[in-house]
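Enquirer: here is my input; please provide its structure:
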Amino acid sequence: MNIYVIMKRTFDTEEKIAINNGAVVEDGAEFIINPYDEYAIEEAIQKRDEFGGEVTVVTVGDEDAEKELRTALAMGADKAVLINSEDLDEADQFSTSVILAKYFEDKEYDLILGGNVSVDNSTGQVGPRLAELLGIPCVTTITKLDIDGTNVTIERDVEGDIEIVETSLPILVTAQQGLNEPRYPSLPGIMKAKKKPLEEIDLDDLDLDEDDLEAKTEIVDRYLPPAKQAGKVLEGEISDQVQELVSLLRNEAKVI
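Expert: Numbering: from 1, shown residues only. Model prediction:
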């Protein structure tokens, strides 16, 4: 089975983000595999172990993403591909999807997995966009994946409930928390990852130019949310607290 994972390099979820002139300050920041993509990598490895074949992890980014690709290899992926987009001035989810679709144009794939969303932009667009460009089914926010031959049965999270979807390979799915428990890279896995193939591809190699990849969205501004104000503790008789609460909601919070 030919299994691919589309992966993104994101800020560490414990990282304190700084904004300067509407841009995120990356100097000195820690980066990791997008946490939702870890579920996708784990599921890909499990399916490879169950059905045979190989797992290839693909990312679009600059050379710094090699670290996260090596981590995916240490988890158990077989191959990694870095599509270098550092020469691309402006890019969005549309641009990334077009790049990936061009990469997959001459590939044989049975299953493509990705994270439900990325923890930086949280758009959830790249997976569905890529599936549309490839002309294959797409199921998002999956929490269970069963494959029998070419038949696929999926459970997906639907606002606290479960939806069951039946479809067939090839397919693209995006992983939700609860699909599995991602493994940590082991020391032998880390050592083996150093010898596993990591291919770097330029946009020129895909016969793409910047006009093909012009972003469809524009980020007008970025800013941090306002600092939380201290809360209030109401005291006294319950009836007095209720009256004070109603007054605060009406006059200060202005929500009633």
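Enquirer: confirm Glu38 sits in a helix?
Expert: Yes. Residue state for Glu38 (DSSP: H, G, I helix; E, B strand; the rest coil) corresponds to a helix.
Enquirer: state the helix or strand in which the residue nearest to it when sequence neighbours are not counted lies.
Expert: Leaving aside its chain neighbours, Glu38 sits nearest to Pro182 (4.0 Å; criterion: Cβ to Cβ, 6 or more residues apart in numbering). For glycine as for every other residue, the C-beta is placed from the backbone atoms N, C-alpha and C. Counting by DSSP states H and E, there is no helix or strand that carries Pro182.
Enquirer: what's the longest strand in this protein?
Expert: In the chain, with assignment by DSSP state E, the single longest strand is strand 138-148.
Enquirer: elements contacting that strand?
Expert: The contact analysis (3 or more Cβ pairs under 8 Å, 6 or more residues apart in numbering; DSSP states H and E) places strand 138-148 against helix 35-51, helix 126-134, strand 151-158, strand 161-168, strand 171-175.
Enquirer: least trustworthy helix or strand in the chain by mean pLDDT?
Expert: Here the helix or strand of the chain ranked lowest by mean pLDDT, DSSP states H and E is strand 23-24, holding a mean of 80.
Enquirer: next structured bit after that strand?
Expert: Moving toward the C-terminus from strand 23-24, the next element (DSSP H and E) is strand 31-33.
Enquirer: who are the packing partners of that next one?
Expert: If contacts are counted by 3+ Cβ pairs under 8 Å, 6+ apart, strand 31-33 sits against strand 9-11, helix 66-75.
Enquirer: any idea how many residues pack against the nearest residue to Ile136 once chain neighbours are set aside?
Expert: Spatially, and ignoring its direct neighbours in sequence, Ile136 is nearest to Pro170 (5.1 Å; Cβ to Cβ, 6+ apart). Using other Cβ atoms under 10 Å, Pro170 has 19 other residues around it.
Enquirer: many thanks, have a good one.
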